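# need a structure here:
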Amino acid sequence: MKKSFFLIEVMISVLLISGIILSLFKIKSNNLNFLNKYNTNTLINSSFSIFMLNNMNTYDKNEKQYLKDIINIKNTNIPKYIKDTKIQVKDKKILDKKIKLEDTQINLITYESTYTMPNEFSKKIYTIKLN
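Just a heads-up that it's a prediction; the model follows:
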């Protein structure tokens with residue numbers, strides 16, 4: 001008696017292999033989407049960090065600023081991204097408190113700076129000054 005595969009066994013094996021291949025393509029698609037979001041967020045965070053660290057006191061507060069006017073970077077990828085990127089900067093004084101110690105007086109001032117990139121997200125930075 002000769003052993004052979006029946007048609008139903010071949011169809012089931014093809015169906016299983018197709019399901020496995022489709023699930024692998026879906027996993028690949030999800031991973032690429034996650035990687036794209038991660039790269040975008042990393043670039044945005046880098047832009048915010050460069051803007052805030054290089055220009056803590058030199059930019060015009062409470063106005064929109066173009067990153068290309070503030071940051072001069074020769075890297076090939078970053079200037080393409082920051083070309084038309086605006087950052088809205090708003091400062092707000094949160095606390096102005098005078099603390100009296102024995103012989104001295106300390107003036108504690110807290111500022112909240114909000115950096116907003118349109119259609120992306122915003123970050124809040126808190127600054128404390130002691131006089």
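
# tell me the secondary structure for residue 36?
helix (DSSP: H, G, I helix; E, B strand; the rest coil).

# how close does it sit to residue 119?
Going from residue 36 to residue 119 by Cβ to Cβ, to the nearest Å gives 16 Å. (Glycine included, C-beta is placed from N, CA and C.)

# Between the two, tell me which one has more neighbours.
Neighbour comparison, residue 36 and residue 119: the larger count goes to residue 36, with 10 against 5 (by other Cβ atoms under 10 Å).

# where does that one land on pLDDT?
pLDDT, residue 36: 89.

# and if you look at the one 5 residues further on?
The predicted local confidence for residue 41 comes out at a pLDDT of 78.

# Now residue 93: closest residue in space that isn't a chain neighbour?
Excluding its sequence neighbours, the residue lying closest to residue 93 (Cβ to Cβ, 6 or more residues apart in numbering) is residue 111, at 5.8 Å.

# What ranges does this structure have for its strands?
For the chain, the strands defined by DSSP state E occupy 64-66, 86-100, 105-117, 121-130.
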